[in-house]
Structure formats: C-alpha cells, structure tokens
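Peer 1: Coordinates for the following, if possible.
(2 chains)
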Amino acid sequence: MELSLRRAQTVTLIKRHGRWILKVVAQCALQLTVLTIVFSATSRANATDVSKGAVEAKLAYCQDCHGPSGQGYRGFYPIPRLAGQQTRYLENQLQAFVERRRPNPIMSPVAHVLSPAMITALATKFRDFNPKPLPGGPKELAAKGERIFEDGVPEDNVAACAACHGPQALGHEEVPRLAGQLYPYIIKELTNWGKERGQNPAHPDTSFIMAPVAHSLIKPQIEAVAAYVSNLK
Amino acid sequence: MITSLRRADAGPLNEKRWRRAVKVLGLHLTLPPAILAMIFATAARAEDKDAAVSKQAVEAKMKYCEVCHGPSAQGFVGYYPIPRLAGQQPEYIKNQLQAFIDRGRVNPIMANVAHVLSPAMLTALANNFHELNPKPLGGAPKDLVAAGKQIFEEGIPKADVPACSSCHGAHAEGNGEFPRLAGQVYPYLVRELGNFSEERGQNPAKPDTSAIMQPIAHNLTEAQIKAVAAYVSTLE
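Peer 2: Here you go, the predicted structure:
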C-alpha cells in the first residue's frame, strides 16, 4: 500500500512540475557538455597547441627583463641574451629551472607556469631574433680571449671552446650560442658554474660537460674569453 | 797514496790534521758535483721523453679529453661531430695524435691538443681509451643499416671497394693501425669518408697509413658512405 501511495505521489509531482523538471535537466546537460568541451580543449591546448595571442603576451613578458629583442639587459643582475639562441638549449634551461636543477629564484617561477608547447614556441621565437649585441667586454682582452676560444689552453687541460660551440660561437642543439652574450653574464656563469648548474646529482644534465672547463679556467682567462665572445655578432 | 804526494820538504806529518783536511777537501770536491748530478739527472728525467707520466697527470688529461669526446669517450655531436675514442685501437690513436702534431692530419683544435703531449702521455691515453666501453652514441638513420651491412661485409666489387671487414675486422673492432669503427659517431664517419683526402695525408714529407683509405673513400658514393656509416655506428 505504501508503495502504491509513493508511486501515486511521484506521478502527481511529475504531472505538476514536469515541464520545470525537464527544463532543469536539459540545462544541466547543456552546461555539462559545454564544460566538458571547454576543459578538454584546455587540456588539448596544454599538450599540443598554444594560441598565438598567448605566445605574444608571454614574449612581451620575457622581453621586460631580457630586452625588447631578447638582446639581454644589464640591470642589477646581468640578464642574458636570448636572441639567436639554440632552441634545444633554451628548452633545456627552462626545464632545468622548473626542476630546480638550475635554481634561480626569478626564473624558477617564470618557467614553472610554462607548458611544453609554450616553451617550444618561445624558444623558436627567440631563436629568430637577431639584434646587435649589447656593448661587449673590454676589447683589449678580446685578442687573448680569441686564442683561448680557438685553441683552448692544452697545458692546463682547458678544452677549446670552438670544438663544441663552433668557430663563430653559434652553438648547436644543446650547445648554446655564445656570440653576443652579455660579458658580465658569461663571467658570472663560468665563475659560478658548479654552484648554479647541475644541482640535482640524482639527475645529471648536460651542464656536467662544462664543469671541468669552468673549474680549470682562472679569472683572467674567464674575463678574456667572455670579452671575446661578447663582441661576436 | 795521498801522503806520497806531499812535498819532500814538508814538515812532520800530523796524522789527525791531515785526515781532517782530506775529509774537508774531499767533501768540497765531491759534494757539489754530486748535488749537481742529482739536479741534472732529475731535470733530464723530466725531459726524457721515455720517462713515466704520473697517474694524476693522465687522469687529468683524460678528463680534459672527455670534455669534448664525451664522459666515457663515446663521442659527442656539438658544432662538429667529435669521434668516439672508447675501445679504439691504441696504435691507431697514437698514429692520429702524431699525425695531428706533424700536420699530416689537418685539424687546428687537435693540433693544439696533441702538441703538448709527451710520448709517454700519448701511450697512456691510448691504452686508457682502449679500455673504455660505453654503449654507442647512436642516432644514425635505421633504414640505411641493412645496405651498410652488405657493403661492410662484401664491399662493392664493381667500384673496386674492398669489404671493410677485411681490414677492420668482422665486427669492425679494428686491429693495430686499422681503427675500430664499431660504435663510431655517425656524422663523424660521414664527414671523414667524405673528406678523406682533404684532411689526411697532408704532409708529403711524412706519408702515413691514411694512404690506404684514399682510393676507397674516393670510390664510395655519398649514399654508400651514409649506409656503411649507419651500419657500423650501431655495432658494439
């Protein structure tokens, strides 16, 4: 008896408010569909695609510090040139910032919001810039720097930079371009190499190649080679 | 005998004082030359080209080589393709280092590297590299490997190209002055075979073993070079 009463009550409910119920259900279904499309679109964007507008906006943000054409900037910190840089190198560095293998309190937060697609897009954009280098290091050191760059210092077990970075310091794939890089930035990197890069011994990265070189170079050699490459176009 | 050298009219012999005088004189005469001899002997040993080279010096030099040639000398593709040295025939490494020094093999970077190496260091490095055995770097196009294997094992009789295996060994392991090719870096092999006569045998006063490969490299087409390079780069 209770069952039939309940059934009767339900039927009455539906008869009275049926249209309203239908409206609500239809709306929910529609919204659910829309949300599904939106969210799956977003995840698709993360994996494969990034909008032109988003890249342009992010580029402008990078340029705030790295210079209007990615030529670098001598602020409180020397901020490196990204223009003309090898895409693979840029991608590796951004990943290293994210994973704190290259800890940098400014670049780690910058990098960790970037999707892989955005990283690739930015790296490609910067590779195509070609502004003049910022004023380089002292030219009187450049001649000595050229010797070190091309010949290394075999007696001190310092490898020739040109062997991996190329004769014009343009780099290749994961080997960075050095031509036109900021003089104070190069000095800082070579001096601090072991303290800044490859900081996760459980996950050694490409930075280990440079560790013995940076270690073997003495200060005047670092300044000379930095002066030389910073003046290259 | 010394006492017999005394003048006949010399005073009475004072044994004690005489012995002391002889001792002092003897020291003055023999000590400086002995010291000088030791100094020069040490200096001579350092310059002596056959002298042994310290373990630390060899290890430091190996680390320096590995900056470019890779952590276990498996090679590296930077701006230039840098060859694998791991497992290489020691005689071949020594010949190449000497060729860089003599400018028989033209390479400005390696000439600088090689010219500071003493013969003892050359030998130590060659032997050490021979012992390394990392996996090949890889990266060659896989679809060329089968064609390369055929060239490697059978040669190209129509083009007067002998089978590579006849000198380099059935597994491209090399022998004596014939280099190991197994696991060599693909773009390096392509470059070497493509450029052989421009890079090697450049010192007419010192003809070297590279003369053997000149006609072979010359007769191979670009496609054949890429195929055989792809094949050997996969061998372990």
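Peer 1: excluding its backbone neighbours, what's nearest the spatially most central residue of chain B?
Peer 2: Geometric centre of chain B, nearest residue: B:K94, 2.9 Å, by CA atoms, centre = their mean. Distances taken as CB to CB, 6 or more residues apart in numbering or on different chains place B:A126 nearest to B:K94, at 5.0 Å, with adjacent residues excluded. Just so you know, the C-beta spots here come from the backbone N, C-alpha and C atoms, and that holds for glycine as well.
Peer 1: try B:R200
Peer 2: Among residues not flanking B:R200 along the chain, B:S210 sits closest, at 3.7 Å (CB to CB, 6+ apart).
Peer 1: my guess is that neighbour meets B:R105, correct?
Peer 2: Yes. With contact defined as CB atoms under 8 Å, B:S210 reaches B:R105; the gap is 7.2 Å.
Peer 1: Between those two, which has more neighbouring residues?
Peer 2: B:R105 (22 against 19; other CB atoms under 10 Å in any protein chain shown).
Peer 1: so what's that one up against?
Peer 2: B:96, B:99, B:199-202, B:208, B:210 (CB atoms under 8 Å, 6 or more residues apart in numbering or on different chains).
Peer 1: Tell me which residue is most central in chain A.
Peer 2: Centre-nearest of chain A using CA atoms, centre = their mean is A:L94, 3.0 Å out.
Peer 1: element containing it, please.
Peer 2: Using DSSP states H and E, the element containing A:L94 is helix A:87-98.
Peer 1: which is the next helix or strand following that helix?
Peer 2: helix A:107-112.
Peer 1: Would you map the strands across chain A?
Peer 2: A:73-74, A:78-79 (DSSP state E).
Peer 1: Could you list the residues in contact with the first one?
Peer 2: If I follow you right, that is strand A:73-74. A:65-67, A:79, A:134, A:182, A:184.
Peer 1: who touches the nearest residue to B:A124 once chain neighbours are set aside in this structure?
Peer 2: Distance criterion CB to CB, 6+ apart; nearest residue to B:A124, sequence neighbours excluded, is B:V58 at 4.6 Å. Listed by CB under 8 Å, 6+ apart, the contact partners of B:V58 are B:121, B:124-125, B:128.
Peer 1: so where's chain B uncertain?
Peer 2: Low-confidence segments of chain B (pLDDT under 70): B:1-13, B:27, B:31-51.
Peer 1: now do 50
Peer 2: B:42-50 (pLDDT under 50).
Peer 1: Tell me where the chain has helices.
Peer 2: You didn't pick a chain, so chain A it is. Assigned helices in chain A, in chain order: A:2-48, A:52-66, A:87-98, A:107-112, A:116-128, A:139-151, A:162-165, A:183-196, A:211-216, A:219-230 (criterion: DSSP state H).
Peer 1: that answer is for a different chain, and I need it for chain B
Peer 2: Counting by DSSP H, the helices of chain B are B:15-47, B:55-69, B:90-101, B:108-115, B:119-131, B:145-154, B:165-168, B:186-199, B:213-219, B:222-234.
Peer 1: Residues of chain A that sit close to chain B?
Peer 2: A:150-152, A:154-155, A:157-160, A:162-167, A:170-173, A:175, A:208-210, A:212-213, A:216 (CB under 8 Å from any CB of the partner chain).
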